[in-house]
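[1] generate coordinates for the sequence data below:
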Amino acid sequence: MPIPAWSLMGGSLEIWELAEVAESLIRHDYATRESLLRFVDLENIPYRGKCLDALELVQPGSDSPKETELRLALVRYGLPIMRPNCVIPDVRFANGTAVTLDLVDHAHRFGLDYQGDHHRTDKSQWRRDQTKLSRLTAAGWTVLPVTQLDLSDELHRAALAMNVAYSLSRIDGNPVAVTTPLSWHEVVLVHRRARKSGLLE
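    Model prediction:
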């Protein structure tokens with residue numbers, strides 16, 4: 001029973017980790033955000049408040065735990081909530097396959113691409129990445145590659161957030177501020193406001 005097991009993880013996991021596991025359940029078709037919300041609402045579970053907070057952070061569409069971690073790390077530094085795993089309109093590989101990015105800010109034509117070790121050790125994957133980047137650049141997109149090093153500690157996460165903010169600022173000339181790390185309660189409130197305003201599903 002994956003959903004009850006997920007709810008009990010609230011005793012040992014941080015809010016963002018609980019959200020990461022929830023997105024993994026959704027990705028593997030064990031749950032939907034709605035079914036998780038329904039379970040938490042109807043059942044008498046010990047970590048109800050924490051589970052509800054975690055579900056505020058959940059965005060269906062994430063393709064890996066690292067994508068979830070990356071998205072939430074940037075929001076924690078005050079950056080806009082980006083959409084996970086998006087198809088980029090009118091950009092395709094030579095065989096017609098759609099090009100996707102792990103995180104996207106459509107308004108700025110800006111994206112992040114998380115690259116695990118196989119992206120540099122697998123020749124065909126490396127070449128595919130280069131083709132993808134060149135086609136996106138030609139279509140007017142700005143793309144930053146991200147690796148595990150960028151998420152490895154607070155210093156690297158802060159540097160990544162500043163790099164993203166600088167890139168966004170250069171696109172339209174409007175400064176994008178980076179904050180000191182928000183508490184997870186504050187990050188939950190950011191998502192709750194975005195959901196109420198229709199910016200999140």
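
[2] which parts of this structure are helices?
    2-8, 15-27, 33-42, 48-57, 65-76, 118-121, 123-138, 154-172, 184-196 (DSSP state H).

[3] redo the ones you listed as JSON lines? Include distance to Asp90.
    To be clear about C-beta, it is placed using only N, CA and C from the backbone, and glycine gets the same treatment. Compiled in JSON lines, these are given as follows (distance: least, C-beta to C-beta, whole Å):
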{"stretch": "helix 2-8", "distance to Asp90": "38"}
{"stretch": "helix 15-27", "distance to Asp90": "27"}
{"stretch": "helix 33-42", "distance to Asp90": "30"}
{"stretch": "helix 48-57", "distance to Asp90": "31"}
{"stretch": "helix 65-76", "distance to Asp90": "23"}
{"stretch": "helix 118-121", "distance to Asp90": "24"}
{"stretch": "helix 123-138", "distance to Asp90": "10"}
{"stretch": "helix 154-172", "distance to Asp90": "18"}
{"stretch": "helix 184-196", "distance to Asp90": "27"}
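
[4] determine which of those helices approaches Asn85 most closely.
    helix 65-76 (6.9 Å; C-beta to C-beta).

[5] who touches the closest one?
    Under the contact criterion C-beta atoms under 8 Å, 6 or more residues apart in numbering, helix 65-76 has outside partners 16, 19-20, 23-24, 57, 59, 62, 81-82, 84-85, 102-103, 112, 114, 116, 146, 148, 150-151, 157, 160-161, 164, 181-182, 184, 187, 190-191.

[6] in TSV: the helices of the chain, plus distance to Val91 and mean neighbour count.
    Output for the helices of the chain, formatted as TSV (distance: least, C-beta to C-beta, whole Å; neighbours: other C-beta atoms under 10 Å):
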stretch	distance to Val91	mean neighbour count
helix 2-8	36	16
helix 15-27	24	22
helix 33-42	28	15
helix 48-57	29	20
helix 65-76	19	21
helix 118-121	19	12
helix 123-138	5	13
helix 154-172	17	16
helix 184-196	26	16
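
[7] buried residues in the longest strand anywhere in the chain, which are they?
    Longest among the strand segments of the chain by residue count, using DSSP state E, is strand 83-92. Buried residues in strand 83-92, counting neighbours by 16 or more other C-beta atoms under 10 Å, are found at Arg83, Pro84, Asn85, Cys86, Ile88, Val91.
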